[in-house]
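Participant: Could you look at this predicted model? Sequence included:
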Amino acid sequence: MRIKQGYKLRKMCGSSIVVSVSKDNDNFNGMVTLNESGELLWNALYNGAEESELVSLLVSEYGIDSESASSDVAEFIKKVEGAGFIE
Amino acid sequence: MNYYSIAGVTVGYEPIYELLRKRSEPYLCKESGKSDFNIVTTELKLKEKLPQFPLLTLPKLEYMFVGAEFYNELIRHNGFLLHASAVVVNGEAYAFSAPSGTGKSTHTSLWMEHFRDNGAFIINDDKPAIKLIDGRFYVYGTPFSGKSDLNVNVCVPLKAVSFIQRADTNSIYRMTPMQAVASVLQETIRPDDENTLSILLNNIEKFAMQIPAFSLSCNMSEAAAEQAYAAMSNAKN
């Protein structure tokens, strides 16, 4: 899985937001804010990562059990997919 | 080529139709000189574009096209369009922003009524320019004011901005800078390229940190203007 071309992560007013930098993406006027773990997952997806890798990432980074990590990752993927950010 | 001074930049263009010519007249430079940028339109170019905009006429298309080009270029001069009606009271500007049809102009006309003894006037009823100069934000009138031709060639310090929703009862609350960023992004236009976008986002961030922003739910009573003014005029950054 990978984030589509033309989206970038950027800090604004202390928060991380996703901006569309390409004319082809028509959802410029909407804005997606990411929290710390969202940012971590986004960066992994930006470089192309499988769902299982994202789960391990959350487990190792936050020391949570793999069950809650899996559900967090699933929720995150649902959101970014729903917003059209995934290739 | 005519030279116009709009929002502190000198822009060269030659109106083809009366609509743009007339609305641009108050901004015409007396002396000719160097422009910061030029906008070139031809009748042929407009005729080619017209089928994409079946509801427009050529004069309206020219007016819209030059406005869009202007606002795109303005970003590189530390300015941006805010889809808003901007009103001045006691020498300070208040901007009311919302999608078309929400009642921006209706709300500022309440201000005009309520604050007529305080020198109230509309700077631009639909698309004022917001500009950062020496670390402060100002509102400029521009010839590009949508359907209404309510605009004045002035520059006034911006005191506060409200994003409007229509409601039965009036209420107003202060937004966080992040909410202000999201709201401004919805009411401006996207630039052509990544560098320009980066300048725009930098300036929107400064705007959100510096200008008190509110979410205003309002009806059409004069009390709405009073309540909005009370909150906005007392806001401290």
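Facilitator: That came in fine, so what should we check first?
Participant: can you give me the strands in chain A?
Facilitator: Secondary structure of chain A (DSSP state E): strands located at A:7-12, A:15-20, A:32-34.
Participant: Go through these and pick out the most buried.
Facilitator: strand A:15-20 (a mean of 20; mean count of other Cβ atoms under 10 Å in any protein chain shown). No exception for glycine: its C-beta is placed from N, CA and C like everyone else's.
Participant: could you dump the strands of chain A to TSV with mean pLDDT and distance to chain B?
Facilitator: As requested, those are arranged in TSV below (pLDDT from 0 to 100; distance: least, Cβ to the nearest Cβ, whole Å):
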stretch	mean pLDDT	distance to chain B
strand A:7-12	88	5
strand A:15-20	86	5
strand A:32-34	86	7
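Participant: Export the ones you listed as TSV, with columns for distance to residue B:30.
Facilitator: Shown next, in TSV, are the strands of chain A (distance: least, Cβ to Cβ, whole Å):
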stretch	distance to residue B:30
strand A:7-12	41
strand A:15-20	41
strand A:32-34	48
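Participant: looking at those, which is closest to residue B:113?
Facilitator: Distances from residue B:113 to each of the strands of chain A were compared using Cβ to Cβ; the minimum, 37.4 Å, belongs to strand A:7-12.
Participant: So what are the sheet partners of the closest one and their directions?
Facilitator: Note on strand A:7-12: by DSSP bridges, its sheet partners are strand A:15-20 (antiparallel).
Participant: what does the strand it pairs with contact?
Facilitator: The set of residues external to strand A:15-20 that reach it, using Cβ atoms under 8 Å, 6 or more residues apart in numbering or on different chains, is A:6-11, A:27-28, A:31-35, A:38-39, A:42, A:85, B:178, B:181, B:197, B:201.
Participant: can you check stretch B:136-156 too?
Facilitator: Under Cβ under 8 Å, 6+ apart, the answer for stretch B:136-156 is B:4, B:6-8, B:20, B:23-24, B:26-27, B:63, B:66-67, B:70-71, B:79, B:86, B:88, B:91-93, B:95, B:105, B:121-132, B:157-158, B:206-207, B:210-211.
Participant: Make a PyMOL selection of the buried ones in those.
Facilitator: Here is the PyMOL selection string for the buried members of the contacts of stretch B:136-156, based on 16 or more other Cβ atoms under 10 Å in any protein chain shown:
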select buried, chain B and resi 4+6+7+8+20+23+24+27+63+66+67+70+71+79+86+88+93+95+105+121+122+123+124+125+126+127+128+129+130+131+132+158+206+207+210+211
